[in-house]
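Visitor: Return atomic coordinates for the entry below.
(2 chains)
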2 protein chains.
Amino acid sequence: MQKLQIEKLAIIGVGLMGGSIALSLKKKGYVGEVTGVGRGIENLKKALDLGIIDKYTLNLEDGVRDADVVVVAIPVGSIVELIAKSQGYMKDGAIITDVGSVKGEVVKGVEKIIDKRLDFVGGHPIAGTEESGAGAAFPTLYEGSKCILTPSVDSREEAFLKIRDMWEATGAEVVVMGTEDHDKILAAISHLPHVIAYSLVNTVNGIDDFDKSILSYSAGGFRDFTRIASSSPEMWRDICSMNRDAIIDMIDRYMLELSNLRTLIEEDARSGMLDYFNRSKKARDSLL
Amino acid sequence: MQKLQIEKLAIIGVGLMGGSIALSLKKKGYVGEVTGVGRGIENLKKALDLGIIDKYTLNLEDGVRDADVVVVAIPVGSIVELIAKSQGYMKDGAIITDVGSVKGEVVKGVEKIIDKRLDFVGGHPIAGTEESGAGAAFPTLYEGSKCILTPSVDSREEAFLKIRDMWEATGAEVVVMGTEDHDKILAAISHLPHVIAYSLVNTVNGIDDFDKSILSYSAGGFRDFTRIASSSPEMWRDICSMNRDAIIDMIDRYMLELSNLRTLIEEDARSGMLDYFNRSKKARDSLL
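Guide: Alright, predicted model coming up:
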């Protein structure tokens, strides 16, 4: 067992991400009491039953009052507003962190409004499943995954170290970088694929050259490939809005790359196509 | 049990597709003797051990000589050439079919060279897994899936009915259409997604703005999404070459659709993005 490192932890948003942090830290004896804060009583009750949290409240003020560390694990578009609303109730020296998948807008927004007596350390664990809610949380979600931290210029070294240690306790490998690098990397490996999947489904669905929808011919392959187009539209609107510049840049790089392949196909450049697919397969296979 | 419908069946290429046809038909008592023909002795031995085939040969002439029906289940780029090479050994009235995922080029090619004493019925079962080889075959692969048939103008009605019944016996729903429609539909639901996945991997892999490859940050989501970019480069070169026009058309429609989304993101059109993602999610969810 680890030494107790965080006496009181508040998790705002006890879903897959927030719940898994709590489970992992509790299992390792890293945290004392965990308070769950949320808007849905059913989900909080379930989290309590599952041993993810020790108590819960629907009231932000009550939820954050005693917390040494506050983890904000809610949709990325609502993080800054929630911190603005709740920080007045936090005790001096409390450390706030988040798990939002866009960092530039969040960190900039928080830096503008945060009380001097508090610290904010932006974070983003690159992990997840398709599931959501407290019922989906499990203690090993972060084991072996990367967690990117983007500490604010204003945040104390001590606060950063506390959050870094917390993430390492979950089994994640912590990587520190600026918000711009984070947002560029995430635009490439996560936001671009979602944009691509959404537009692929609308392309195929928009083809009305046949009596019945062309989608009715699709089999498991298409279904698997477009699975991420079933993600929350609200969440992806917020991500596209908040990480606009990096996503636009990635779309442009991607369209150039796709145009290159289009040219190879149009010219029936057999060795060019083979080379193109081989390069791609080699890079993809390296992820196995 | 069904009545015996095909006394002697030859499967050229006893992999996932060819092997699963044989297993399914044998199980239902639909075929008498199944001969496996291939170039790899190990795969054929395994197919024999697994009860997929009753005998095997590496010799095309021996393999097709007695067959009532010859199923050509080899890579799509080699089908026409193999039929040209083997048809002289087939008996009068033998029916040839294939499982290639491009039909225009294949059917046109076969129509040019086929003996008048034989019939060819182009086919394409829309089913499959990521596995390959005889060991991956299983009798229920085609159950509930669609199989598109594109009979040649020259093929006798009797031959078409024989192949249609064969596919229905595997549990597939047979759909008949022209080769152009087939190739357009497949370009949309299969070929375009592959082109997209290959170019996405090359886009992300080509970003060298960071010390280490950006791919090293990718997690399960990216890996799952780009799984199809690990498919055979030779096979996809052949498909892109043989279905060039339909694939180019789909890439163009797709780039237009992606440009529309790019504009919405660039203009931070929040309700436009939400509508776009909702339409996509609704179409994708309808596939569940």
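Visitor: Quick check: the residue of the stretch 101-250 of chain A found nearest chain B vs residue B:279, distance?
Guide: Chain B sits closest to residue A:233 of the stretch 101-250 of chain A, with a gap of 3.5 Å, by CB to the nearest CB. Every C-beta, even on glycine, is put in place using the N, C-alpha and C of the backbone. Distance, residue A:233 to residue B:279, using CB to CB, to the nearest Å: 9 Å.
Visitor: quick one on the thing from earlier: show me the contacts for the residue of the stretch 101-250 of chain A closest to chain B.
Guide: Residues near residue A:233 by CB atoms under 8 Å, 6 or more residues apart in numbering or on different chains: B:273, B:274, B:277, B:278, B:280, B:281.
Visitor: count of neighbours near the closest residue to it other than its chain neighbours?
Guide: Leaving aside its chain neighbours, residue A:233 sits nearest to residue B:277 (3.5 Å; criterion: CB to CB, 6 or more residues apart in numbering or on different chains). By other CB atoms under 10 Å in any protein chain shown, 27 other residues sit near residue B:277.
Visitor: Make sure residue B:277 is indeed in a helix.
Guide: Yes. Under DSSP: H, G, I helix; E, B strand; the rest coil, residue B:277 sits within a helix.
Visitor: May I have the secondary structure class of the residue positioned nearest the centre of chain A?
Guide: The centroid of chain A falls nearest to residue A:101 when counting by CA atoms, centre = their mean (3.9 Å). When classified by three-state DSSP, residue A:101 comes out as coil.
Visitor: Hmm, residue A:124 and it touching each other?
Guide: Yes. Counting by CB atoms under 8 Å, residue A:101 does reach residue A:124; the two are 5.8 Å apart.
Visitor: Return the residues of the stretch 51-200 of chain A in contact with chain B.
Guide: A:126-129, A:145-146, A:148, A:175, A:181, A:184-185, A:188-190, A:192-193, A:195-200 (CB under 8 Å from any CB of the partner chain).
Visitor: run the last query once more with 6 Å
Guide: A:126, A:185, A:188, A:189, A:193, A:196, A:198, A:199 (CB under 6 Å from any CB of the partner chain).
Visitor: what are the ranges of the helices in the stretch 1-150 of chain A?
Guide: Taking DSSP state H, counting those that start in this stretch to define them, one finds helices in the stretch 1-150 of chain A at A:16-27, A:41-49, A:60-64, A:79-86, A:104-113.
Visitor: residue ranges with poor pLDDT in chain A?
Guide: Filtered on pLDDT under 70, chain A yields the residue ranges A:1-2.
Visitor: helices or strands next to whichever helix in it runs longest in the packing?
Guide: Determined from DSSP state H, the single longest helix within chain A is helix A:244-266. Packed against helix A:244-266 by the contact rule (3 or more CB pairs under 6 Å, 6 or more residues apart in numbering or on different chains; DSSP states H and E) you find helix A:270-285, helix B:192-205, helix B:244-266.
Visitor: What lies in contact with it?
Guide: Contact with helix A:244-266 is made by A:183-184, A:187-188, A:191-192, A:240, A:272-273, A:276, B:199, B:202-203, B:240, B:244, B:247-248, B:251, B:262, B:265-266, as judged by CB atoms under 6 Å, 6 or more residues apart in numbering or on different chains.
Visitor: which of the residues you listed are buried?
Guide: Listed as buried from the contacts of helix A:244-266 are A:183-184, A:187-188, A:191-192, A:240, A:272-273, A:276, B:199, B:202-203, B:240, B:244, B:247-248, B:251, B:262, B:265; burial here means 16 or more other CB atoms under 10 Å in any protein chain shown.
Visitor: Helix, strand, or coil at residue A:189?
Guide: Per three-state DSSP, residue A:189 ends up helix.
Visitor: so who does it touch?
Guide: Going by CB under 6 Å, 6+ apart, residue A:189 touches B:217, B:218, B:222.
Visitor: I'd like these as JSON lines, with secondary structure and neighbour count appended.
Guide: Shown next, in JSON lines, are these (DSSP: H, G, I helix; E, B strand; the rest coil; neighbours: other CB atoms under 10 Å in any protein chain shown):
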{"residue": "B:217", "secondary structure": "helix", "neighbour count": "21"}
{"residue": "B:218", "secondary structure": "coil", "neighbour count": "22"}
{"residue": "B:222", "secondary structure": "helix", "neighbour count": "23"}
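Visitor: any idea which of those residues is closest to residue A:46?
Guide: Checking the contacts of residue A:189 against residue A:46 by CB to CB gives residue B:222 as the nearest, at 30.0 Å.
Visitor: hang on, the earlier thing: ok, the residue of the stretch 101-250 of chain A closest to chain B to residue B:281 distance?
Guide: Distance, residue A:233 to residue B:281, by CB to CB: 6 Å.
Visitor: Beta-bridge partners for the residue nearest to residue A:67 when sequence neighbours are not counted, please?
Guide: Leaving aside its sequence neighbours, residue A:67 sits nearest to residue A:10 (CB to CB, 6+ apart; 3.7 Å). On the basis of DSSP bridges, residue A:10 is bridged to residue A:35, residue A:70.
Visitor: quick one: residue A:10 and residue A:70 touch, right?
Guide: Yes. In this structure, residue A:10 is within contact of residue A:70 by CB atoms under 6 Å, at 4.7 Å.
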